[in-house]
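Participant: Would you be able to build a 3D model of this:
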Amino acid sequence: MRVVAACLFALVLLSACGTADEPVPDAADEPETTAAPPATTTGQSAVPPGEPPVPEDGGPPAAWIETPSGSAWMAYGNYCWGDVCMDILRPTCDDSSVPEVELRRGDAVAFHLSFDPTTADLTLGADGSRPEVVSLEPARVIEWQGDYDGLLWLALTAEEGEVAYQACVGTASP
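Facilitator: Now for the predicted structure:
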């Protein structure tokens, strides 16, 4: 009985160890996903809680904004995506459908997308009379750093169409 138990124990140990001939999993072997990779500058890189917003009649995928204080799903602005177009009135930061995030001076912001944009423009003060437009490097994770308080309007073009996302930022206490 002891011999059988010892043999079973040895088999379990050998099976747990594997062999040198087994291939080591490589990240390149992992299947591609449509989720955007996490940003490196904010340190958060967590998908926001809750379900992402879903556009009416199809449309573009959801996007999220990440700051050191947290992440939030961005609200949809205007879009023409595939065969679906939607005009949405530009809200203000008083609109409850637009998420709010906090920034401190010098904080980095990351916008997470699940598609490859060809252009990216960030409008600061989109709810005011003299907005400032900042051209950003298009990528699945777009990083921006600035001192701003108010409505952000991220306008993107892609092979699939055009979309704008929006969020409000407020200055956090130091």
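
Participant: Tell me which residues of the helix or strand hosting Thr123 come out buried.
Facilitator: Thr123 is part of strand 117-124 when elements are defined by DSSP states H and E. For strand 117-124, the buried set under the neighbour-count rule, 16 or more other Cβ atoms under 10 Å, comprises 117, 120-124. Where you see a C-beta, it was placed from the backbone N, CA and C, and this is true even at glycine.

Participant: Regarding the chain, what is its longest strand?
Facilitator: For the chain, the strand with the greatest residue count under DSSP state E is strand 161-171.

Participant: Could you list the paired strands of it along with their orientation?
Facilitator: Strand pairing for strand 161-171, using DSSP bridges, gives strand 75-81 (antiparallel), strand 100-103 (parallel), strand 150-158 (antiparallel).

Participant: how about these, which one is nearest Gly170?
Facilitator: Within the strands paired with strand 161-171, the stretch nearest Gly170 is strand 100-103; the backing value is 5.5 Å (Cβ to Cβ).

Participant: Pull out the buried residues from the closest one.
Facilitator: Using 16+ other Cβ under 10 Å as the test for burial, strand 100-103 gives 101, 103.

Participant: Can you name the residues in contact with it?
Facilitator: Strand 100-103 has contacts (Cβ atoms under 8 Å, 6 or more residues apart in numbering) with 65, 67, 69-72, 93, 109, 148-149, 167-172.

Participant: so how far is it from its chain's centroid?
Facilitator: Using Cα atoms, centre = their mean, to the nearest Å, the distance from the centre of strand 100-103 to the centre of the chain it belongs to is 15 Å.

Participant: List the contacts of Thr170.
Facilitator: Quick fix: residue 170 reads Gly, not Thr. Gly170 touches 93, 100-103, 149, counting by Cβ under 8 Å, 6+ apart.

Participant: which residues does it bridge with?
Facilitator: Glu102.

Participant: what about it, distance to Leu152?
Facilitator: 11 Å (Cβ to Cβ, to the nearest Å).

Participant: likewise Leu124?
Facilitator: 7 Å.
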